[in-house]
Structure formats: C-alpha cells, structure tokens
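J.: coords please:
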Amino acid sequence: MQKITETVEVLANLLIRPQRASYRENQLIGGVERKFHVKGKVCARVDFVIPNNYGHELQCSLYLQGQFLEDAKGKNCVIYLHGNCGCRLDANEVVALLLPEDICVCCFDFSGSGLSGGEYITLGAREPHDLKFIVTFLRTLGIVQVGLWGRSMGAVTALRYLHKERDLTIAGILADSPFTTLVELVYHLTSDKIFLPKL
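T.: Okay, the predicted model is just below:
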C-alpha cells in the first residue's frame, strides 16, 4: 500500500508541483537596469505585479520600444505563455524576434511558477484565469491587438482561454506543443520516472 501511495505522490508532484524554475532579474533582457537598445531604438522591460483571483501575485514583464508603460498605447502585443516547468525567462527568444518589429511582448510567471505566488500549477485548468488578468491589464494600456504564443501548458492555456472566454478580439494564437489529453500528458511526463501500464 505504501508503494502505491508513494507512486501517487510522485505523480502528483510531477503534474502539479514540477521543479520550479528559478532565475534572477539580471537574466531577463534588460538586466537590472531594464533598459536596452534594439536596432538603435531605446527599449525597456517594465516589470509589474498583478494579483490573480486566488490572491497570488503574478510577476510580469512588458517589453516595448520606449521607456514607460504609457509607450505601449497604440501598439500590438504578444503574450508569451510558458510551459509547466517554465517561467517568463523563456520569453527572451520571443522578445528578440518580435521587439525589432515594434511588437510588444508581455510575459509572466503563472501562479505556482517562477517567482509568482502559489504552490501549484493546474496544467491549463486555472491558468486561463491568470491570462485573463493580463489581457485585461494590457487593454487598459491601450494595446491595439493582442496575440497569444504558448508552449505546452501555455499553449493549452491559450486555447482554453479562447474557448472559455469567447474572446474574439485575440488577433491570433501560436500553440507550440499543446497536449491533447491529461492521460497523454501523464504518460509523457512519467515515462522515464515510473512504470505506468497503458490503459
């Protein structure tokens, strides 16, 4: 019986408490100063915190050409959504790709990930709530169009957000490696850790 309990605990940790990504502010583009240049233009990373509906503080960054949040008005923005073991640091490559085209990039640590509050992730079940707070905030800044770029859990979150919220103002979604079922994900995440018979 103890072996079954241990197996269930291992599974739970792999799914809702994966190893939390840790990073320092200086690893984000712009470093501690938060200012940098792209193609000769002054750019900034503006960090901000938004509480979600569970009271967890979401650690967020908005990368833009300009220096202040107000400089985002009238621009387009892509929100990068990290995978289950990821964090906003994963958006660095997306920033390097889109910022030269004057497309803002917003990234954040989901609740239970990175430097955000919360102890657990839910693999796309509650994460759309976090995303809704970010989308709403960006719209208050005057962002014209919002796109979503998600990887793994982030891709599932983007698709579930669109389905749940029926937000037809989202300009587009790039869904990189979404999982199709929770059972499929469990087999994928645990295949090299423990033996699970195929159902």
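
J.: the longest strand in this protein is where?
T.: Scanning the chain for the strand with the most residues, using DSSP state E, yields strand 41-51.

J.: helices or strands next to that strand in the packing?
T.: strand 35-38, strand 57-65, helix 127-140 (3 or more C-beta pairs under 8 Å, 6 or more residues apart in numbering; DSSP states H and E). Where you see a C-beta, it was placed from the backbone N, CA and C, and this is true even at glycine.

J.: quick check: which of these is nearest to Arg45?
T.: Of all those, it is strand 57-65 that lies closest to Arg45, at 5.2 Å by C-beta to C-beta.

J.: so what strands line up beside that closest one?
T.: strand 41-51 (antiparallel), strand 104-108 (antiparallel) (DSSP bridges).

J.: mind checking the backbone torsions on the residue nearest the centre of the chain?
T.: For the chain, the residue nearest the mean C-alpha position is Leu81 (2.8 Å; C-alpha atoms, centre = their mean). Main-chain torsions, Leu81, degrees, to the nearest 10: phi -120, psi 110.

J.: correct me, but it touches Gly150?
T.: Yes: counting by C-beta atoms under 8 Å, Leu81 touches Gly150, with 3.7 Å between them.

J.: hang on, the earlier thing: tell me which of the strands paired with strand 57-65 sits most buried.
T.: Across the strands paired with strand 57-65, averaging neighbours per residue (mean count of other C-beta atoms under 10 Å) puts strand 104-108 on top, at a mean of 27.

J.: quick one: residues in contact with that strand.
T.: Applying C-beta atoms under 8 Å, 6 or more residues apart in numbering, the set of residues contacting strand 104-108 from outside is 50, 58-65, 72, 75-80, 82, 88, 90-91, 94-95, 98-99, 116, 130, 134, 138, 143.

J.: can you check stretch 152-163 too?
T.: By C-beta under 8 Å, 6+ apart, the surrounding residues in contact with stretch 152-163 are 80-84, 86, 110, 121, 123-125, 127-128, 130-132, 135, 148-150, 167, 170, 173, 175-179.

J.: recalculate using a threshold of 6 Å.
T.: 81-84, 123-124, 127-128, 131, 148, 150, 173, 175-178 (C-beta atoms under 6 Å, 6 or more residues apart in numbering).

J.: from these, which would you call buried?
T.: 81-84, 123-124, 127-128, 131, 148, 150, 173, 175, 178 (16 or more other C-beta atoms under 10 Å).
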